[in-house]
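Q: Show me the folded form of this:
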Amino acid sequence: MTHCQSCQTILGSSPKNLARDVEAAFPDCYCEQHSVGVGSPGRIEDHETLYRMFTDPVDVDEFGRLARTAFSTAFGNGLSIIRDCADDDHIEELVSDILSVKPGKPFRKILAIFRVTCVNLRSFRSMFQGNLGKAFCVYDQTVPPVLNVGGKPVPTHGTILSRRLFEPPVTRAQFENDCNDKLHRLIAIDRIAISDFRNGLVEKLNVRSLAGEFVRAV
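A: Numbers count the residues shown, from 1 in each chain. This next block holds a predicted model:
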């Protein structure tokens with residue numbers, strides 16, 4: 001198996017501790033040089049614009065403020081992002097999955113959209129063992145669809161993984177909080193009005209979600 005195939009395999013597995021497993025197998029964002037997603041148009045380039053959407057009211061409060069803990073999945077199985085090259089059909093499928101709920105659960109809506117340029121994430125550095133290293137890796141990872149069970153992954157999905165660069169006396173919790181703070185500073189500075197994104201596409205999907213359209217099959 002080539003290194004490219006190995007990168008595709010590990011990033012296609014999406015375990016709970018993906019960030020840990022990728023750093024252990026391919027440190028220093030090695031897999032960024034390869035395209036790893038199923039059907040992806042290619043690796044995410046530094047110049048690309050990326051979007052992160054939030055639904056959970058725990059992540060965005062009643063005043064629209066974004067919590068620092070909203071980025072905690074970057075430390076685990078990855079912080080999902082959408083590439084600007086996604087067409088409206090891709091956006092609709094990805095956002096519909098974000099909005100999907102299990103039967104009987106409260107309906108959801110997108111509460112905030114943020115925009116970031118990939119190079120701003122990749123160029124951020126953290127100190128570890130006396131050296132400055134990349135803090136975050138950005139991959140063109142794709143994931144199985146939630147609502148369209150058995151369908152092909154949306155090719156313009158991606159993920160941000162935090163590198164696990166810490167050692168005692170720093171604890172895992174302290175390092176995770178630090179990562180959350182860093183991502184908050186990088187991403188939360190450029191917020192997009194939901195009504196302005198893709199000519200109101202997400203706003204329309206919110207309406208459909210609140211009408212109960214995105215309930216998952218049992």
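Q: So which bits of the longest helix anywhere in the chain are buried?
A: The helix spanning the most residues in the chain, taking DSSP state H as the definition, is helix 172-187. Burial within helix 172-187, assessed by neighbour count using 16 or more other C-beta atoms under 10 Å, is assigned to 175-176, 178-180, 182-184, 186-187. Any C-beta I mention is one placed from the backbone N, CA and C, and that applies to glycine too.
Q: Among these, which has the minimum pLDDT value?
A: When the buried residues of helix 172-187 are sorted by pLDDT, the bottom entry is Phe175 at 84.
Q: State the distance from that one to Ser162.
A: 9 Å (C-beta to C-beta, to the nearest Å).
Q: wait, Lys152 sits on Ser40?
A: No - checked against C-beta atoms under 8 Å, the pair Lys152 and Ser40 is beyond contact range at 11.4 Å.
Q: For these two, indicate the residue with more neighbours.
A: Neighbours of Lys152 and Ser40, each counted by other C-beta atoms under 10 Å, are more numerous for Ser40; the result is 21 against 12.
Q: how many other residues sit next to the closest residue to the more buried one other than its chain neighbours?
A: Excluding its sequence neighbours, the residue lying closest to Ser40 (C-beta to C-beta, 6 or more residues apart in numbering) is Asp140, at 4.3 Å. Asp140 sits with 27 neighbouring residues when counted by other C-beta under 10 Å.
Q: what does Arg68 give?
A: Neighbours around Arg68, by other C-beta under 10 Å: 17.
Q: Does it touch Asn180 like I think?
A: Yes - at 4.5 Å, Arg68 counts as touching Asn180 under the criterion of C-beta under 8 Å.
Q: that older thread, from Val215, how far out is the residue nearest to Ser40?
A: 29 Å.
Q: Then Phe128?
A: Taken as C-beta to C-beta, the span from Phe128 to Val215 is 44 Å.
Q: Check Gly151 too.
A: Distance from Gly151 to Val215, by C-beta to C-beta: 17 Å.
Q: ok, residues contacting the worst-scoring helix or strand of the chain on mean pLDDT?
A: Each helix and strand of the chain was given a mean pLDDT (mean pLDDT, DSSP states H and E); the minimum falls on strand 125-128 at a mean of 78. With contacts defined as C-beta atoms under 8 Å, 6 or more residues apart in numbering, strand 125-128 is touched by 132-135, 163, 165-167, 182.
Q: Nearest the middle, which residue of the chain would you pick?
A: Ser80 (1.7 Å; C-alpha atoms, centre = their mean).
Q: got a pLDDT number for that residue?
A: 97.
Q: Confirm that it sits in a strand.
A: Yes - counting by DSSP: H, G, I helix; E, B strand; the rest coil, Ser80 is part of a strand.
Q: How about the contacts made by Gly37?
A: 11, 139-142, 153, 155, 157-158.
Q: now those residues as TSV including pLDDT and secondary structure?
A: Converted to TSV, these look like this (pLDDT from 0 to 100; DSSP: H, G, I helix; E, B strand; the rest coil):
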residue	pLDDT	secondary structure
Leu11	95	helix
Tyr139	98	strand
Asp140	98	coil
Gln141	97	coil
Thr142	96	coil
Pro153	96	coil
Pro155	97	coil
His157	98	strand
Gly158	98	strand
